[in-house]
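Engineer: I would like the atomic coordinates for the input below:
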Amino acid sequence: MLWTRLLRRATPWLFSLPAVVFVAMFFGYPIVQNVVMSFQEYTTSTFYSGAAPWVGLANYATILSSYLFTTTLVNTALFTVGSITFQFVIGLALALFFKRAFPLSGFLRSMLLLPWLIPLIASSAVWKWLLDQESGALNQFLGLFGVPAVPWLVDPTLALAGVIGVNIWLGIPFNVAILYSGLQAVPKELYEAGSLDGATGWKAFRHITWPNLRPVVSVVIVLGVVYTLKVVDIILGLTGGGPANSTQTLATNAYNKSFVEFNFGEGAAISNVLIVVSLVFALVYLYLSRREPSE
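Structural biologist: Have a look, this model is predicted:
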């Protein structure tokens, strides 16, 4: 009898054990190891000697006092805010457009997913050619209207905007897919009842669509921010972080420190700063999401 009770109590934990082990091995251990590395002088010689001297906060002091840290922090903020804002606005507009039934709507929605399905390295290679100053298709098209060639990816004042534009193009399909699913879940009876009270057009969106879509919007924004903060491949494929570090972000700086300069200690420290930034955003989101029901 006692064993039966113990087994019943342990059964939920036994079913959860594989997931707990998986998270601990593939998420918990790398994070802990990354934190430990950030307090060590961890270089390529460490792999052979096994010795990684403990340097305390020296790696953090180095990266925080670097002239590049402020630049990467500002670029990360601009890249994230610019990408998320336009991805969401354009994605919501397209989701509302496709909500209306019209011929070939399903086919066009499936075509919108193509940027999301193409490998990121391939996408960056194609866009690097399209935005090339000398032979790029975009500049050749603009040249038909007398517009001089624009140095999209080689001008420090334009490179970040060019990279943001490519990332917006890549993120729109995700926003459309999730927001369209959210719109489909809004009961049609609410619109019928609202129309009787004069809630049509913008009023219907404000008082019916948006309140019901808000939980989905929260998920889209959170996932979008988390993904955008860690974008590396697109930036490296388009500009490599240049010109003059104008497109260097925290993620690309961490990559360069770890896998170009092979200074794994400083690279881990930058990665931890990025984790803290993500954690702050997550806490703000949790605070706002708990506050909304009470309001």
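
Engineer: count of residues packed around the closest residue to Met37 other than its chain neighbours?
Structural biologist: Nearest non-adjacent residue to Met37, counting by Cβ to Cβ, 6 or more residues apart in numbering: Ala268, 4.0 Å away. No exception for glycine: its C-beta is placed from N, CA and C like everyone else's. For Ala268, the neighbour count with other Cβ atoms under 10 Å is 23.

Engineer: host element of Ala268?
Structural biologist: Here Ala268 sits within helix 264-294, counting by DSSP states H and E.

Engineer: Give me the mean pLDDT for that helix.
Structural biologist: For helix 264-294, mean pLDDT rounds to 80.

Engineer: so how far is Ile31 from the residue nearest to Met37?
Structural biologist: Separation of Ala268 from Ile31 (Cβ to Cβ, to the nearest Å) stands at 10 Å.

Engineer: Ile121 too?
Structural biologist: In this view, Ile121 and Ile31 are 26 Å apart by Cβ to Cβ.

Engineer: cool, and Ala24?
Structural biologist: For Ala24, the distance to Ile31 - Cβ to Cβ - is 10 Å.

Engineer: One more: Lys128?
Structural biologist: Separation of Lys128 from Ile31 (Cβ to Cβ): 33 Å.

Engineer: Those two - which one has more neighbours?
Structural biologist: Counted by other Cβ under 10 Å, Lys128 and Ile31 do not tie: Lys128 has more neighbours, with 17 against 12.

Engineer: so which helix or strand takes in that one?
Structural biologist: Secondary structure (DSSP H and E) places Lys128 in helix 120-130.

Engineer: name the helices or strands packed onto the helix holding Ala268?
Structural biologist: Using 3 or more Cβ pairs under 8 Å, 6 or more residues apart in numbering; DSSP states H and E as the contact test, the elements touching helix 264-294 are helix 29-37, helix 58-65, helix 210-229, helix 250-259.

Engineer: buried residues in it?
Structural biologist: 264-274, 277, 281 (16 or more other Cβ atoms under 10 Å).

Engineer: what does stretch 54-68 rub up against?
Structural biologist: Stretch 54-68 is contacted by residues 38-41, 69, 245, 248, 253, 257, 265-266, 268-270, 273 when judged by Cβ atoms under 8 Å, 6 or more residues apart in numbering.

Engineer: following the longest helix seen in the chain, which helix or strand shows up next?
Structural biologist: The longest helix of the chain (DSSP state H) is helix 67-99. Per DSSP H and E, helix 67-99 leads on to helix 105-112 as the next helix or strand towards the C-terminus.

Engineer: Just the residues contacting that following helix, thanks.
Structural biologist: Residues outside helix 105-112 that contact it (Cβ under 8 Å, 6+ apart): 94, 98, 172-173, 176, 180.

Engineer: repeat for stretch 187-198
Structural biologist: The contact list for stretch 187-198 (Cβ under 8 Å, 6+ apart) reads 199-200, 203-204, 207-208, 212.
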